[in-house]
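Student: Structure for the following, please:
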Amino acid sequence: MTANTAEKLSPTPSFCQGIQHFGDAWPDFDRFGDSAVIASGQSAIQDAADEKAAYQTLLGADALRYLTLQVTGSKGSGHPGGFASSAEAHAALMMLGHTNIVTEVGHHAPGFYSSMFLDSSLEEMGIRTMDDMMQRFREKHGLLGHLSGAIPGLLSPAGPLGQGQHFAMAGAYLHRDKLFPVTIGDGGMGEPYVLNSMMHFHTAYPDITNFLPVLIWNGYSQEHHSMVSLHSNAQMIDYWKGHGFDEVILVDARDFDDSGQQGTFVDSTHFSFAGRLAFAKAVLQGVDRAARLALGGKLTAFIIKQLKGTGVHTVGAKSHNLYPADTLDQPHIIEGLKRRALSPAAWQIVRENFSRAGGGPAVKTVVTERELDLTPLPKLAMQAFDKGAKAVPSTAMGALVAQVGQADARFVVTNADGNEASAMKNINDALKIRHPTQDPLYNQEPAGQVYEPLNEDACAGFAAALALFGSRALWLSYESFAINGWPIVQTVTQAMAELRRKTPSIVTMFTAGALEQGRNGWTHQRPEIENYFGAMMRNGNMYPLFPCDANCIQVAYEYATSSFNKGMAIIASKSPLPVYLSLDEARHAVEEGAATLYESESGDKGTVVFAVTGDMILLPVFEAKDRLEADGYRVRIVAVVNPRRLYRPTDIAWDTVAEPDNKFMDDDHFNALFDGDVLLAVSGGPSAPLEPVLLRTRAPRRDTICWKRGETTASAAEIMAFNGITADAMVERARALQS
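Tutor: The predicted structure is shown next:
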């Protein structure tokens, strides 16, 4: 191809500094590339059937491929192949003005960064040229290897498979007038909850269809063929329709192949130029139709089928990632770049289109680049339980959850195992379970605010995504099942640490089934999740909360709901338990981190301090107290309610996160609580949340008494005995340490 005269005279745009290879003008560039098809003041192409629009969509696709390969090649690291097979679909979405794009596939990160580079969003972080992007790719304070919502213009993180659809559904729930496409790789189709979660969401919210799954069906995953690579087109369409999709639009590159390629999946960049344009036009029109259907009330999916690695350095699973030898000076990388090289004028056209798409650069226009207005909450009315009385902690919290939902119509409570099973029926009574079958016996209504898919991932995903996108939500579960949904909460909590805006914290509450579900055995006795919370405290924005009673849990929920950009995990029981603190004392305990529940007036054999996380576990602790006092010991029982407050400031990355919190208990107050001759750190779960106490205590002798493993038992006392969490064990250990 030979550049025309206007092309030869075109200056190289400044953002192209660092682009290593330029190509000649494409055929008919003087007709179809004379000006950007998205004109100044417009936010999308006007006609998906326009030849000029298809031509410039293909320009955008190749620009994305080129940048993806060069930026990964600059570090000999990263993943170009998967995104390369999606390039026409991504470019089509941009050209149609649908720029609120999320993805399930963290490995598509270089392509998404390339899109944000082309629309100029990355200038917000000082990336103005290709040189800048290469320098900052996969570097600290730069473009991390997998997607983060902290990158300008990108809506959400992506890493673990099976998460992206939750962000798209949350966006659709909160913004009914916008389309939220989510790209999904066929390598991730082995994760069954991807389609399952969308099916449940559609059943619960049949009127919300403005999210659009875009399947990138390229035949491969990371290191082998994808598990759906042998499906026929009809089987794939049936698979999606079997999960509730009304319309499934599939564009198969093979239908446009005029290059004689073998195999089910083909590389469209080997077609003739006319064949490539025809394919790009079909994708553009298919995406346009899918978007209109989705926005018009029909649950719709779009599928683009072409070979993984289309248009980059190689194809198939071998294109998935680069290795240290895959650098920009290697012949196969150079050849791949030259095949996709564009002319300077073409780069300028793509920049103008992408920077106008959606009404301007994504950093200025996508929904997560501004704070969502929150409905003001009234002061929550708490029930002040008398000290010494018995009350159910989870039920006390449920009354406050109901108030939040009644004040905030967007608020959603998610729970897979049912609120009634956690003694929180009062939530269902007030907010109703969202269900197509109306039944007052079960508190079911089509417009309810309680979302109950029998899948912890779907529960955690929707609640976490709503919080990240700016709305209040709550995920409820047993601690034993929490691990099935926790990874997305971890992902979102980390994302919140990086955000450039305020957003409500993701709030979770787990009923402490380890001690309460004895007859169900170890299936319901897996509190090791609390070690996960304990480890995450050092992140800087993770707060596991262990309210000691029904007053304390109310304060803890208010504290969590009033916070921003944090992960808040409340752990409490669903059994009637003694009340130790007044509301005011509980407020002090939550804010300061811990509070003394009891202290002996005298004792001449030394002081034994119990540092305790939990509520039911306090029963054997107080029993041990009575026996130790009878032996002449002085005893202090301290409830560790908010252990994150008990770390030293240098233990926590508090100054690296959004909405930083540098409140930590000082040494004088800490020592007043925990100084003694013996310290026993006691938990009904694992010991990790008590780490800050064990790190700082000056007690010369210390030990832990905590969970070991589950077993089928008839009572909480029996499971505690199985784990050695008994008054006998505590007394014996205290005596041994003191002797």
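Student: Please count neighbours and contacts with C-alpha atoms only from this point.
Tutor: OK.
Student: List the contacts of stretch 204-215.
Tutor: Residues from elsewhere that reach stretch 204-215, judged by C-alpha atoms under 8 Å, 6 or more residues apart in numbering: 165, 168-169, 171-173, 176-186, 202, 290-291, 294-304, 434-436, 446, 451.
Student: Give me the most central residue, the chain.
Tutor: Most central in the chain under C-alpha atoms, centre = their mean is residue 492, positioned 3.6 Å from the mean C-alpha point.
Student: Enumerate every residue touching residue 527.
Tutor: Residue 527 touches 479-480, 512-514, 685-686, 707, counting by C-alpha under 8 Å, 6+ apart.
Student: Is residue 288 located within a helix, as I assumed?
Tutor: Yes: according to DSSP: H, G, I helix; E, B strand; the rest coil, residue 288 belongs to a helix.
Student: filter the contacts of stretch 204-215 to the buried ones?
Tutor: Among the contacts of stretch 204-215, the ones that count as buried by 16 or more other C-alpha atoms under 10 Å are 165, 168-169, 171-173, 178-186, 202, 290-291, 294-295, 298-304, 434-435, 446, 451.
Student: Strands - which of the residues you listed land there?
Tutor: With DSSP state E as the criterion, strands contain 180-185, 300-304, 434, 451 from among those.
Student: Kindly indicate which of the residues you listed lies nearest residue 328.
Tutor: Closest approach between these and residue 328, by C-alpha to C-alpha: residue 185, at 26.7 Å.
Student: Let me see the contact set for the closest residue to that closest one other than its chain neighbours.
Tutor: Nearest non-adjacent residue to residue 185, counting by C-alpha to C-alpha, 6 or more residues apart in numbering: residue 216, 4.9 Å away. Listed by C-alpha under 8 Å, 6+ apart, the contact set of residue 216 reads 82, 85-86, 183-186, 303-306.
Student: Assign residue 216 to helix, strand or coil.
Tutor: Assignment for residue 216 (three-state DSSP): strand.
Student: per-residue pLDDT, it?
Tutor: Here the pLDDT value assigned to residue 216 is 97.
Student: pretty sure residue 19 contacts residue 132?
Tutor: No: Residue 19 is beyond contact range of residue 132, at 10.8 Å (criterion: C-alpha atoms under 8 Å).
Student: Just give me the neighbour total for residue 395.
Tutor: Neighbourhood size, residue 395 [other C-alpha atoms under 10 Å]: 25.
Student: Now it. Nearest residue, chain neighbours left out?
Tutor: residue 424 (5.0 Å).
Student: That neighbour contacts residue 400, correct?
Tutor: No: look at residue 424 against residue 400 with C-alpha under 8 Å: they stay out of range, at 10.6 Å.
Student: and for these two, which residues touch both?
Tutor: Between them, residue 424 and residue 400 share no contacting residue under C-alpha under 8 Å, 6+ apart.
Student: distance of residue 353 from residue 24?
Tutor: 20 Å (C-alpha to C-alpha, to the nearest Å).
Student: Also residue 187?
Tutor: Distance of residue 187 to residue 24, computed by C-alpha to C-alpha: 36 Å.
Student: With neighbour numbers in mind, choose between these two.
Tutor: Neighbour comparison, residue 187 and residue 24: the larger count goes to residue 187, with 24 against 18 (by other C-alpha under 10 Å).
Student: Who are the contact partners of that one?
Tutor: Residues in contact with residue 187 (C-alpha under 8 Å, 6+ apart) are 219-222, 225-227.
Student: switch to 6 Å and redo it
Tutor: 221, 226 (C-alpha atoms under 6 Å, 6 or more residues apart in numbering).
Student: Give me the pLDDT for it.
Tutor: Each residue has a pLDDT score; the one for residue 187 is 84.
Student: ok, residue 691 - how many residues close by?
Tutor: Residue 691 has 16 nearby residues by other C-alpha under 10 Å.
Student: If you could redo that for residue 379, that was the one I meant.
Tutor: Neighbours of residue 379 under the rule other C-alpha under 10 Å: 9.
Student: residues in contact with residue 357?
Tutor: 43-44, 94, 97.
Student: Let's have those residues in a markdown table, adding secondary structure and distance to residue 11.
Tutor: Shown next, in a markdown table, are the contacts of residue 357 (DSSP: H, G, I helix; E, B strand; the rest coil; distance: C-alpha to C-alpha, whole Å):
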| residue | secondary structure | distance to residue 11 |
| --- | --- | --- |
| 43 | coil | 26 |
| 44 | coil | 26 |
| 94 | helix | 25 |
| 97 | coil | 28 |
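Student: And the furthest pair within these?
Tutor: Pairwise distances across the contacts of residue 357 (C-alpha to C-alpha) peak at 9.4 Å, for the pair 43 and 94.
Student: So these two - more neighbours on which side?
Tutor: For residue 43 and residue 94, the more surrounded residue by other C-alpha under 10 Å is residue 94, and the numbers stand at 26 against 21.
Student: Ignoring the adjacent residues along the chain, who's closest to that one?
Tutor: For residue 94, the closest residue by C-alpha to C-alpha, 6+ apart turns out to be residue 357, at 5.9 Å.
Student: Tell me how far the one you found lies from residue 38.
Tutor: Residue 357 is 7 Å from residue 38, by C-alpha to C-alpha.
Student: Now the common contact residues for these two.
Tutor: Here residue 357 and residue 38 share the contacting residues residue 44, scored by C-alpha under 6 Å, 6+ apart.
Student: Quickly find the element holding the residue nearest to residue 123 when sequence neighbours are not counted.
Tutor: Leaving aside its chain neighbours, residue 123 sits nearest to residue 117 (7.6 Å; criterion: C-alpha to C-alpha, 6+ apart). Assigned by DSSP states H and E, residue 117 falls within helix 109-118.
Student: What is that helix packed up against?
Tutor: Contact analysis of helix 109-118 by 3 or more C-alpha pairs under 6 Å, 6 or more residues apart in numbering; DSSP states H and E lists helix 51-73 as its packing neighbours.
Student: The helix or strand where residue 426 lies - contacts with which helices or strands?
Tutor: In this assignment (DSSP H and E), residue 426 forms part of helix 425-431. Judged by 3+ C-alpha pairs under 6 Å, 6+ apart, the packing partners of helix 425-431 are helix 393-407.
Student: Following element in sequence after the helix it packs on, please.
Tutor: As assigned by DSSP H and E, the chain's next helix or strand after helix 393-407 is strand 412-415.
Student: Report the rounded mean pLDDT for that following strand.
Tutor: Mean predicted confidence for strand 412-415 is 97.
Student: Work out the gap between that strand and the centre of the chain.
Tutor: A distance of 16 Å separates the centroid of the chain from that of strand 412-415, by C-alpha atoms, centre = their mean, to the nearest Å.
Student: can you list contacts of it?
Tutor: For strand 412-415, the external contacting residues (C-alpha under 6 Å, 6+ apart) are 449-452, 459, 473-477.
Student: if you set the cut-off to 7 Å instead, what comes out?
Tutor: For strand 412-415, the external contacting residues (C-alpha atoms under 7 Å, 6 or more residues apart in numbering) are 449-452, 459, 463, 473-477.
Student: Then stretch 296-304?
Tutor: 89, 207, 209, 212-217, 245-252, 287, 290, 293-294.
Student: Quick one: buried ones out of these?
Tutor: Buried subset of those (neighbour count, 16+ other C-alpha under 10 Å): 89, 209, 212-217, 245, 247-252, 287, 290, 293-294.
Student: Other residues contacting stretch 258-265?
Tutor: So stretch 258-265 is in contact with 218-219, 254, 270-272, 275, 306-307, going by C-alpha under 7 Å, 6+ apart.
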